[in-house]
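Trainee: Please work out how this folds:
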Amino acid sequence: MHSTTGRLTAITMTGAAVTLALAGCSAADGAPTADDGLTPVSLQLQWLPQAQFAGYFAAQEQGFFAEEGLEVEIIESGGDIVPQDALVSGDVDYAVAWVPKVLGSIEQGAAVTNVAQIFQRSGTLQVAWADAGIDDVSDFEGKSIGSWGFGNEWEIFAAMAAEGLDASSVDIITQSFDMNAFLSGDIDAAQAMTYNEYAMLLEAVDPDTGELYQPEDFSVISYEETSGAMLQDALWADSERLADDEEYRETTVAFLRAVIRGWVYARDDVEAAADITIEAGSSWGAGHELWMANETNKLVWPAENGIGYIDADAWDRTVAGALAAVNEQGAHLITEEPPAGAYTNEYVQQALDDLEAEGVDVRGTAYEPIDVSLAEGGA
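Mentor: A predicted model of the protein is given here:
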């Protein structure tokens, strides 16, 4: 979901070119279109094309959507589109967004439902220098803590609340979508995703040694291992359409079947998945993209109850963290429990059952990540 400043140049692609490239609907190349009797569907991503979304692009490129009778347009965002807002306004049929961000929108009246929890675990880190004395959330007091904002900060505040720390006891620094401020010493502990910004550090050269930085140079706090861990990338649908529109409900199951097959493909051939996201428009180097695809798979697999199944305990933990989180201005993310309809396993369970009946491995019990070596600049 995050990017270096340099990646913002990708936004200069025209909307028409992006739509054509991602939807694959050119009559000239024989790809399916709505004229072929396929149901048009739009999916809003929460960032630019990258392997964080590999399963969706794989479902597109491998024809899984078309096999389900769908013509899917994958819509990127460079930060100028809030996925759940696009869904509520009716601009798209489905959206990818982090759960805590959407919980805030739901409290403000957004009628959306989590129909598949793709990421089973949090990928957010807080990274400090190894000798900085910041080895745990309890060490944040009095330190400058980086965050991108835009809802990405709530895990920080939830974890601090669990430690009994007042959010005003830290200096929250708005961090760019890179690690430059941290490397230059302006931030004591920077926010990073396992699949992106952390790799940026390992792709950077230590000026003291002339070699790439190594993991031992850093102290890494994983929010997944704290009480502040929150569910991240999920697929959201329009609650009112789910209630009132049988065709939309059927489309949701078909869409989820294709998405699941896309993520299974990305798991079983991570190199191909990385290549697919580059072809879809990612501007990352091949090495960085492969790292991202590999690390993203770790957030998805193994999936004990099947990919996309929403674990009630993980949901409750996220809600509890959202209720407890208070930012440095004293504001709460949410002040009351979300409605029961904020998530459902009805549609993803049907999709999982259908695919398991076909022999598709939707749990990835034996999943093992590959080893990825990083090079300077992510090449």
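
Trainee: how far away is residue 57 from residue 77?
Mentor: 15 Å (Cβ to Cβ, to the nearest Å). Where C-beta positions appear, they are placed from N, C-alpha and C, glycine not excepted.

Trainee: what does residue 264 give?
Mentor: For residue 264, the distance to residue 77 - Cβ to Cβ - is 25 Å.

Trainee: Compare residue 57 and residue 77 (neighbour count), which wins?
Mentor: Shown here are residue 57 and residue 77; by other Cβ atoms under 10 Å, residue 57 has more neighbours (26 against 18).

Trainee: For burial, what's the neighbour tally of the residue lying closest to the more buried one once chain neighbours are set aside?
Mentor: Spatial nearest neighbour of residue 57, excluding adjacent residues (Cβ to Cβ, 6 or more residues apart in numbering): residue 280 at 4.6 Å. Neighbour count for residue 280, taken as other Cβ under 10 Å: 24.

Trainee: hang on, residue 280 packs against residue 56?
Mentor: No. At 9.1 Å, residue 280 does not count as touching residue 56 under the criterion of Cβ atoms under 8 Å.

Trainee: ok, now which ones touch residue 349?
Mentor: Residues in contact with residue 349, defined by Cβ atoms under 8 Å, 6 or more residues apart in numbering, are 306, 309.

Trainee: Report the secondary structure element holding it.
Mentor: Taking DSSP states H and E as the definition, residue 349 sits inside helix 346-357.

Trainee: Which stretches in the stretch 201-350 of the chain count as strands?
Mentor: All strands of the stretch 201-350 of the chain, identified by DSSP state E, counting those that start in this stretch, fall at 218-222, 233-238.

Trainee: looking at those, which is closest to residue 42?
Mentor: Nearest of those to residue 42, taken as Cβ to Cβ: strand 233-238 at 11.7 Å.

Trainee: Report the inter-axis angle for the closest one versus helix 346-357.
Mentor: Orientation check (axes from the mean of the first three to the mean of the last three Cα atoms, to 10 degrees): strand 233-238 against helix 346-357 gives 120 degrees.

Trainee: So residue 49 versus residue 280, what's the distance?
Mentor: Distance from residue 49 to residue 280, counting by Cβ to Cβ: 5 Å.

Trainee: Quick check: neighbours shared by residue 280 and residue 56?
Mentor: residue 74.

Trainee: All the helices of the protein, residue numbers only.
Mentor: Counting by DSSP state H, one finds helices in the chain at the ranges 15-23, 54-61, 64-67, 83-88, 99-107, 154-162, 180-183, 197-202, 239-244, 246-268, 270-279, 286-300, 312-324, 346-357.

Trainee: Can you redo those as JSON lines, where the extra columns are distance to residue 372 and mean pLDDT?
Mentor: Listed next are the helices of the chain as JSON lines, based on distance: least, Cβ to Cβ, whole Å; pLDDT from 0 to 100:
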{"stretch": "helix 15-23", "distance to residue 372": "25", "mean pLDDT": "35"}
{"stretch": "helix 54-61", "distance to residue 372": "14", "mean pLDDT": "98"}
{"stretch": "helix 64-67", "distance to residue 372": "25", "mean pLDDT": "98"}
{"stretch": "helix 83-88", "distance to residue 372": "28", "mean pLDDT": "97"}
{"stretch": "helix 99-107", "distance to residue 372": "28", "mean pLDDT": "97"}
{"stretch": "helix 154-162", "distance to residue 372": "25", "mean pLDDT": "95"}
{"stretch": "helix 180-183", "distance to residue 372": "21", "mean pLDDT": "96"}
{"stretch": "helix 197-202", "distance to residue 372": "9", "mean pLDDT": "98"}
{"stretch": "helix 239-244", "distance to residue 372": "39", "mean pLDDT": "98"}
{"stretch": "helix 246-268", "distance to residue 372": "14", "mean pLDDT": "98"}
{"stretch": "helix 270-279", "distance to residue 372": "9", "mean pLDDT": "98"}
{"stretch": "helix 286-300", "distance to residue 372": "5", "mean pLDDT": "98"}
{"stretch": "helix 312-324", "distance to residue 372": "27", "mean pLDDT": "97"}
{"stretch": "helix 346-357", "distance to residue 372": "28", "mean pLDDT": "98"}
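
Trainee: Just give me the neighbour total for the nearest residue to residue 252 once chain neighbours are set aside.
Mentor: Of all residues not flanking residue 252 in the chain, residue 347 sits nearest, at 4.8 Å (Cβ to Cβ, 6+ apart). Residues near residue 347, counting by other Cβ under 10 Å, number 24.

Trainee: Return the residues in contact with residue 347.
Mentor: Neighbours of residue 347 in contact, by Cβ under 8 Å, 6+ apart: 115, 116, 237, 242, 249, 252, 253, 256.

Trainee: residues contacting the fourth one?
Mentor: For residue 242, the contact set (Cβ under 8 Å, 6+ apart) comprises 113, 115, 248, 249, 252, 344, 347.

Trainee: in the sheet, who's paired with the residue nearest the centre of the chain?
Mentor: Nearest to the geometric centre of the chain sits residue 233, at 3.9 Å (Cα atoms, centre = their mean). Beta bridges link residue 233 to residue 98, judged by DSSP bridges.

Trainee: Go ahead and confirm it touches residue 54.
Mentor: No. Applying Cβ under 8 Å, one finds residue 233 not in contact with residue 54, separated by 11.2 Å.

Trainee: and the strands of the stretch 201-350 of the chain, which is most packed in?
Mentor: Mean neighbour count (mean count of other Cβ atoms under 10 Å) peaks for strand 233-238 among the strands of the stretch 201-350 of the chain, with a mean of 24.

Trainee: Who are the contact partners of the residue nearest to the centre of the chain?
Mentor: So, once contact is read as Cβ under 8 Å, 6+ apart, residue 233 ends up touching 46, 52, 96, 97, 98, 118, 119, 299.

Trainee: picking that back up, can you lay out the strands of the stretch 201-350 of the chain as CSV showing distance to residue 179?
Mentor: Converted to CSV, those look like this (distance: least, Cβ to Cβ, whole Å):
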stretch, distance to residue 179
strand 218-222, 10
strand 233-238, 21
